[in-house]
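K.L.:
Curious how this folds, go ahead:
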Amino acid sequence: MTGPEPTKPADASGTARVAGASGEAPAPMKAAAVLAVLEGVVAIGYGVYLAVKQVSTGADETLVQSDTSAFAFVGIGTALFILLTFGPMAYGGINILRGNQWGRSIIVFMNALMVGVAFYMFSGGAALLGAATLLSAAITLVCALHPASTAWATAAFDARRGK
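P.N.:
Numbering: from 1, shown residues only. The predicted structure follows:
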C-alpha cells in the first residue's frame, strides 16, 4: 500500500496541485464551464434588457398584479437578482477555463435549479424557452458530473486536504 501522492506547493491561486496530476480541467468540465459562461451571459443580457426597458418605458403593469407601487421596480429588481445569481456562475466558468479549481459546485447548483425552472416554463406556456433551458442545463450537468470532471474535482479536493 502506498501513501498519498505528494503535493506540489500551492500555485498563484492558492490551490495545491497533486504531483503527476494535471491541474487543467478535463474536456467535459471545460465544456460545462463554457456553457455556464454562455448561460450567464444570456441571463445577464436579459436582465440588462429588463432594466433598460423599465428605465426607458416606465413600469410594465402587466408583469405584476399589485395595487402597491412595488411593480415599478420589477424590471430592475429582476435584473439585480439575475446578476447576483448568474454572475457567480459565469465567473465560476471563467475561473475554471483559466485553469483554477473554483466554480464546479455553483455550476452544478445553478443548473440543477434551471432544470426546475425549465419545467415551470413548460407549465407556464413557454415550451420552446423551457426546452432550450432544459437542454442547456442537462448538457451542462452531464458535463460537470462526468466521471472525468468528478475525478478532477476529487483530486483537487484531496490535494487541498493533504491526502
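K.L.:
Look up the closest residue to the most centrally placed residue in the chain, ignoring the ones flanking it.
P.N.:
In the chain, the residue lying closest to the centroid (CA atoms, centre = their mean) is M89, at 3.0 Å. Spatial nearest neighbour of M89, excluding adjacent residues (CB to CB, 6 or more residues apart in numbering): M110 at 4.4 Å. Where C-beta positions appear, they are placed from N, C-alpha and C, glycine not excepted.
K.L.:
quick one on the thing from earlier: just list the residues touching the residue nearest to the centre of the chain, thanks.
P.N.:
By CB atoms under 8 Å, 6 or more residues apart in numbering, M89 lies in contact with 36, 39-40, 103, 106-107, 110.
K.L.:
so where does it fall, helix or strand?
P.N.:
helix 74-97 (DSSP states H and E).
K.L.:
mind checking the SS state of the residue nearest to M89?
P.N.:
Of the three states, M110 takes helix under DSSP: H, G, I helix; E, B strand; the rest coil.
K.L.:
tell me the mean pLDDT for the helix or strand where L128 lies?
P.N.:
L128 belongs to helix 127-144 when assigned by DSSP H and E. Across helix 127-144, pLDDT averages out at 97.
K.L.:
picking up where we left off before, so the residue nearest to M89 touches G87, yeah?
P.N.:
No: using CB atoms under 8 Å, M110 makes no contact with G87, being 10.5 Å away.
K.L.:
Among those two, which residue is more densely surrounded?
P.N.:
Between M110 and G87, counted using other CB atoms under 10 Å, the more crowded position is M110 (22 against 14).
K.L.:
Please tell me how far the more buried one sits from E39.
P.N.:
8 Å (CB to CB, to the nearest Å).
K.L.:
Can you find the helix or strand of this protein with the lowest average pLDDT?
P.N.:
The helix or strand of the chain with the lowest confidence, counting by mean pLDDT, DSSP states H and E, is strand 17-18 at a mean of 42.
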